[in-house]
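> 3D model of this:
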Amino acid sequence: MTDGHVPAAQQAGSRQPGEPPPDDGVNWPLVLGLAALSVLEPLADLTGLRDALGPAVTALLVPTLVALLWIGWVGFFRVPRPVLTLTLAGTVSGAVLVLLVPVLGVGPEVDPGSAVLVAVVETGRGAGLGALAGFLAWVLQETRKPGG
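From the prediction side, this is the model:
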């Protein structure tokens, strides 16, 4: 094709009718499913688990359990792009907690003036922990490769 003409199928953003969209490497239903595990934190309050175990133990136990589930699932099932997948799951998880905790009436009271700051910090914390879990899942994938 020396005339400079690019077929429609090769033009950026164009697809043939019936052709599936390009794979961006992110399994969105999985991201949302993994992020849904964030409900374990407010459920610990609602079920009395936080009172039974103590706030400090629960604050360490629940996120650790969620992280282990994330790392195990993504690592053992060889999910593509583990760092991106779990960073997104962490970000969504943080956002879910920001929205869910006040609705359920669990967790500390947040001054309306600082609610935006709390939302940014919680979402950023979720993204950071998700990225760390994604890195560990990637390491798990690499160590499980044949000959690796």
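
> State the distance from the residue sitting nearest the centre point of the chain to F77.
Relative to the mean C-alpha position of the chain, the nearest C-alpha, by CA atoms, centre = their mean, is the one of A89, at 0.9 Å. Here the distance between A89 and F77 works out to 14 Å (CB to CB, to the nearest Å). Every residue, glycine included, has its C-beta placed from N, CA and C.

> now swap in T47 and tell me
Counting by CB to CB - T47 and F77 are separated by 29 Å.

> hmm, back to that, contact partners for the residue nearest to the centre of the chain?
Neighbour list for A89: L30, V31, L32, L34, A35, W70, G130 [criterion: CB atoms under 8 Å, 6 or more residues apart in numbering].

> Going by secondary structure, it is in what exactly?
helix 82-104 (DSSP states H and E).

> which element follows that helix toward the C-terminus?
Scanning forward in sequence from helix 82-104 by DSSP H and E, the next helix or strand is helix 115-143.

> and that following helix with helix 82-104, angle?
Counting by axes from the mean of the first three to the mean of the last three CA atoms, to 10 degrees, helix 115-143 lies at 140 degrees to helix 82-104.

> Adjust the sequence numbering to begin at 531 for everything that follows.
New numbering, starting at 531: the last item is helix 645-673.

> Distance from the chain centre to helix 645-673, please.
The chain centre lies 7 Å from the centre of helix 645-673; the measure is CA atoms, centre = their mean, to the nearest Å.

> same thing with stretch 597-609?
That offset, for stretch 597-609, works out to 11 Å (CA atoms, centre = their mean).
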